[in-house]
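# based on what follows, work out the 3D shape:
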Amino acid sequence: MRRVAAAVALLLGLIPLAACGPDDPAPAPAADAAKPPATGTGGADGATPSGKPGAPRPDGSITVAFAGDVHFEGRTEARLAVKAPDQALGPISQTLSDADLAVLNLETAITDRGAPEPKTYTFRTSPKALTALKDSGVDVVSMANNHAVDFGADGLTDTLAAKASSPVPVIGVGRNAKEAYAPYVTTVRGVKVAVVAASQVEDLTNQKWRAGANKPGIASALDTAALTKAVETAKQQAPVVLVYLHWGDEGKACPTGAQTAIAKKLAAAGATAVVGTHAHTMLGSGMLGNTYIGYGFGNFLWYGTSNYAFSNETGVTTLTLTAAGKVTGETFTPATIDGQGVPVPQTGPAAEAALKRRDALRGCTGLTPAPAAAR
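Sure, this is the predicted structure:
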């Protein structure tokens, strides 16, 4: 098996890359048992809820944390063996655990079988990855990305089996299109929430392994009508609809036309937030009308290194939402990916510089600043 936001720009810089796309130009804490369980469904296979969310707050608000791309290969494979009280994602796991709901992207097939697909980079891990993410405070895992089917039909069969027995809900991949596009629906502190995932990356996976009526695979954002319908359907089930996409151009810190176009359509369809990853660098975030848009969270737990500028900048974005789905606050916990591939929270002047750089990324997005969360 082959084995990588925001940190301070002066401390980061240009370092050799491990990429995430098949045609990339460069190489590329446990749930609180004291809290009452959430209720939820995970789509066609009925994934179990995380059990982390607790009783409603007096103001009816909830918090949702988002992070970027995760691999358990190369320098990060050993993170699967990390034992409590430490967590696979390191100290930033606390930020994920503190949120009522936490979502990120697992960028790999879950299998030890199958032949690698004809692409430059292929990734795989074991089902232990899903347990490691749950123990690190993650509540929902997206696998709608360009590496979910890196090991063909056998690998996909194993990935779907891992999903079916996963301790954390997995979205964006399924035995058919209905299941792949199905939202994970849960009640978080009394607030109904639906989470949908899809990939907009135009690659081999999105063409060859796109889920169909009777075909397993990933949910595709290239099928705009199908994704829009999925969001509209999710909105009928929950006032808070979160869409996690794999999108953007690698190394580019500004959104593409395809990103801005789908963001507008999903906002119109009722999405509370449309966020995602893929570019190996952070992109700007903010408000598009009443919808929060996060164009790119960057790498998170990362197996290698990257030629792209600022590719070690990362962090956790936490939104505060009302029961009706209004975004009332945003906080960002900046981190930098260390030599072991682990996101380490930034503090002091380094954190201030990281936050300033992140805010500057909004300049090319056309978004307005999100409201700051109350301290």
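# which stretches in the stretch 101-250 of the chain count as strands?
For the stretch 101-250 of the chain, the strands defined by DSSP state E, counting those that start in this stretch occupy 101-106, 109-110, 124-125, 140-142, 170-171, 173-174, 184-188, 191-199, 217-218, 240-246.
# closest to residue 331 out of those strands?
Closest approach to residue 331 among the strands of the stretch 101-250 of the chain is made by strand 101-106 (13.4 Å; C-beta to C-beta). Backbone N, C-alpha and C define where each C-beta goes, glycine included.
# partner strands of that closest one and their direction?
strand 62-70 (parallel), strand 140-142 (parallel) (DSSP bridges).
# let me know which of those is tucked in deepest.
strand 140-142 (a mean of 30; mean count of other C-beta atoms under 10 Å).
# ok, residues contacting it?
50, 101-106, 130, 133, 166, 168-172, 184, 195, 197, 244, 246 (C-beta atoms under 8 Å, 6 or more residues apart in numbering).
# please redo it, this time with the cut-off set to 6 Å
Outside of strand 140-142, the residues within contact range by C-beta atoms under 6 Å, 6 or more residues apart in numbering are 103, 105-106, 133, 168-172, 184, 195, 197, 244.
# cool, and stretch 72-83?
In contact with stretch 72-83 (C-beta under 6 Å, 6+ apart) are residues 3, 88, 123, 125, 128, 129, 132, 301, 303, 304, 340, 341.
# show me what contacts residue 160?
residue 175.
# could you check the pLDDT of it?
As predicted, residue 160 sits at a pLDDT of 98.
# go on, residue 373?
89.
# do you know how far it is from residue 222?
34 Å (C-beta to C-beta, to the nearest Å).
# same question, residue 84
41 Å.
# what residues are bridge-paired with the nearest residue to residue 367 once chain neighbours are set aside?
Closest residue to residue 367 apart from its sequence neighbours, by C-beta to C-beta, 6 or more residues apart in numbering: residue 286 at 3.0 Å. Under the criterion DSSP bridges, residue 286 forms beta bridges with residue 293.
# wait, doesn't residue 286 sit right on residue 363?
No - using C-beta atoms under 6 Å, residue 286 makes no contact with residue 363, being 10.1 Å away.
# relative to residue 160, how far out is the residue positioned nearest the centre of the chain?
For the chain, the residue lying nearest the average C-alpha position, counting by C-alpha atoms, centre = their mean, turns out to be residue 104 (2.7 Å). Distance from residue 104 to residue 160, counting by C-beta to C-beta: 20 Å.
# equivalent analysis for residue 247, please.
23 Å.
# same check on residue 351?
From residue 351 over to residue 160 the distance is 40 Å, taken as C-beta to C-beta.
# what of residue 284?
35 Å.
# residue 343 now?
If you go by C-beta to C-beta, the gap between residue 343 and residue 160 works out to 28 Å.
# next one: residue 82
26 Å.
# residue contacts, residue 155?
Neighbours of residue 155 in contact, by C-beta under 6 Å, 6+ apart: 109, 111, 114.
# now do the lengthiest strand in the chain: which elements does it pack against?
In the chain, taking DSSP state E as the definition, the longest strand is strand 327-337. Packing contacts for strand 327-337, counted by 3 or more C-beta pairs under 6 Å, 6 or more residues apart in numbering; DSSP states H and E, involve strand 313-321, strand 343-345, helix 348-360.
# tabulate these (TSV), appending mean pLDDT.
Formatted as TSV, the helices and strands packed on strand 327-337 follow (pLDDT from 0 to 100):
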stretch	mean pLDDT
strand 313-321	98
strand 343-345	98
helix 348-360	97
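# so of these, which one's packed in deepest?
Comparing those by mean count of other C-beta under 10 Å gives strand 313-321 as most buried, with a mean of 27.
# other residues contacting that one?
Contacts of strand 313-321 (C-beta under 6 Å, 6+ apart): 5-7, 12, 61-68, 95, 99, 240, 282, 294, 298-300, 327-335, 337, 343, 373.
# ChimeraX command for the buried members of those?
Applied in ChimeraX, the following selects the buried portion of these according to 16 or more other C-beta atoms under 10 Å:
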select :5,6,7,12,61,62,63,64,65,66,67,68,95,99,240,282,294,298,299,300,327,329,330,331,332,333,334,335,337,343,373
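# show me where the stretch 151-300 of the chain has its helices.
Assigned by DSSP state H, counting those that start in this stretch, the stretch 151-300 of the chain shows helices spanning 152-164, 177-181, 204-208, 224-237, 257-268.
# now the stretch 1-150 of the chain
Along the stretch 1-150 of the chain, the stretches classed as helices by DSSP H, counting those that start in this stretch are 93-98, 128-135.
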